[in-house]
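In: Structure of the sequence below:
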Amino acid sequence: MKKLLTWMKNKPLAFQIWLIIGAVLVISVLFYSISLPFILQSLIISEKYDRLEETQAYIIEEGHFDNLNQDLASDDLSFIKTDKPPEKGPPVRFSRVPRHFIIDQEGQILDNDSLTAAEKIKEDILNSDDEEKRSKLHLSNNQIIYYVYQELEIEGENRVIVSYLQSRYRDSFFREFFIRLIISLLVFLILAWLISIFVARYLTRSLQIIKKQVKKIANREWDQPLKIERQDEIGELANTIEWLRQQLVERDEKQQEFIQQISHEIKTPIMVLRSYVQSMQDGIYPRGDLQGSLKAMETESFRMEKRVKTLINISKMEYLSRQNLKIEKINFNQLLENKLEKLSWRRKDVNWSLIADSISLRVDRDKFEVILENIIDNQFKYADQKIRVSIEKMFKRGKNIIQIRFWNDGPEIEKEDLKNIFDKFKKGDDGEYGLGLAISKVLVELHGGQIWAKNEDGGAAFYIEIPEEDKNEF
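Out: Coordinates of the predicted model:
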């Protein structure tokens, strides 16, 4: 079975669907072609016995023991006497009409025009040890007689009344029924198989379109949108890939814009430095004297250094996102307080406070220091007079969460910036790229957490949530 599944997994999906549906259909056809004739045969035989018993019960109840077979012609059972059916066989009407005879206490057969059949039935009854009052008799001409009998007292004498029915109609019916059943099932099988091929192709057609689109995306050919009008799982997959394509297009556009801008910003100070050097070699000082010119060159070199650091930080983000964490237990309150004190020199006019119980966390210390430095630096950069930091333990999404909140009373964040404030290609109001927040987002997600920003209490707040492991303790 395992080998079969492995073999199927290596085949096209359309072939797998076609094969599975085909196998189910074949099994169904075989099952019904075998079981239905037996089921129907059993029902018809049971119906024959019931009809014989009902007719016999009516005769006994009404006491019609004279001329039991008066409605039938005297030669209706002539084929039983010779054990050979006539060329045209008995009338179909007769095949469905029960016949009756009586055996008296001396064993004589009364009121029957087919002595041979009656004698064989009587002999079969006498030789049977079965208490069942239903039985059948096989004749030499491959015919079957179904009969029922009952012992009763008629005019003070013990007698046996026998009712029987021959099977010529049953055999021809089953033969015709079986042939028609096989033909019908074969037609059904062919039609169903064709439908299964159509269904398989219909389902895989969308997957083929998705496959081609994914290959195009892999080759950076993502200008053409993926449109598949479906609401099922394949449609959901297509929508997800289309969302991915849109994200890649947006990311590519931002990246191209970033490269153009950063290239221009690097090129400008290089050109300034080069022109200053050439002028000074010719004995000309662009800023009037040597010191002024050197100061201008230092400023331009500082600008170029910042742009180079930006590129390094972008590369660093890609590197950090692929690194494994070196988990260790740290005193989180102490680490957070040290970072606040260390960075507070930037804004002596800002009051900060930390509200938290003592907590120990198991995180990557170095990477979490980078997270805190970037977030706290942003707080001091935009705060007006106050910064509030709090730590809270809560239960969210089925697990314990440690939430760190950074709030400052500075200007609120623009609504359109809240969604992409952690984007590495997002440019701030001062013209600088806020890579610190982007790096923090990468590192928080590396710890299995999440980070977001929102406007509240007349200022801006940043939230960090880290899943609490069993070993993280308050």
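In: middle-most residue in this structure, spatially?
Out: Glu233 (6.8 Å; CA atoms, centre = their mean).
In: Please report the distance of that one from Leu207.
Out: From Glu233 across to Leu207, the span is 11 Å (CB to CB, to the nearest Å). From N, CA and C alone the C-beta is placed, and that goes for glycine too.
In: Identify the contacts common to the two.
Out: Here Glu233 and Leu207 have no joint contacts, going by CB atoms under 8 Å, 6 or more residues apart in numbering.
In: in the stretch 351-474 of the chain, which spans are helices?
Out: Under the criterion DSSP state H, counting those that start in this stretch, the stretch 351-474 of the chain contains helices at 365-382, 415-418, 435-446.
In: Same check on the chain?
Out: Here the chain has its helices, by DSSP state H, at 2-9, 13-62, 78-82, 92-95, 115-127, 168-218, 233-281, 290-320, 332-343, 365-382, 415-418, 435-446.
In: Out of the ones you listed, which is the most enclosed?
Out: Mean neighbour count (mean count of other CB atoms under 10 Å) peaks for helix 435-446 among those, with a mean of 21.
In: the domain parsing of this protein - what is it?
Out: Annotated domains of the chain cover 15-175, 233-320, 327-467 [automatic domain parsing].
In: Looking at the ones you listed, which is nearest to Leu189?
Out: Leu189 lies closest, by CB to CB, to one member of those: domain 15-175, at 5.1 Å.
In: Could you tell me the end-to-end distance of the closest one?
Out: 37 Å (CA to CA, to the nearest Å).
In: quick revisit: could you save the domains of the chain as TSV and add columns showing distance to Lys3 and mean pLDDT?
Out: Formatted as TSV, these follow (distance: least, CB to CB, whole Å; pLDDT from 0 to 100):
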stretch	distance to Lys3	mean pLDDT
domain 15-175	15	71
domain 233-320	28	79
domain 327-467	40	84
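In: Can you add distance to Ile195 and give these back as JSON lines?
Out: Converted to JSON lines, the domains of the chain look like this (distance: least, CB to CB, whole Å):
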{"stretch": "domain 15-175", "distance to Ile195": "8"}
{"stretch": "domain 233-320", "distance to Ile195": "19"}
{"stretch": "domain 327-467", "distance to Ile195": "44"}
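In: Which of the ones you listed sits closest to Trp193?
Out: Closest approach to Trp193 among the domains of the chain (CB to CB): domain 15-175, 5.8 Å.
In: any chance of the helices of the chain in JSON lines, plus distance to Glu106?
Out: Listed next are the helices of the chain as JSON lines, based on distance: least, CB to CB, whole Å:
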{"stretch": "helix 2-9", "distance to Glu106": "71"}
{"stretch": "helix 13-62", "distance to Glu106": "21"}
{"stretch": "helix 78-82", "distance to Glu106": "23"}
{"stretch": "helix 92-95", "distance to Glu106": "30"}
{"stretch": "helix 115-127", "distance to Glu106": "12"}
{"stretch": "helix 168-218", "distance to Glu106": "32"}
{"stretch": "helix 233-281", "distance to Glu106": "82"}
{"stretch": "helix 290-320", "distance to Glu106": "112"}
{"stretch": "helix 332-343", "distance to Glu106": "113"}
{"stretch": "helix 365-382", "distance to Glu106": "112"}
{"stretch": "helix 415-418", "distance to Glu106": "112"}
{"stretch": "helix 435-446", "distance to Glu106": "105"}
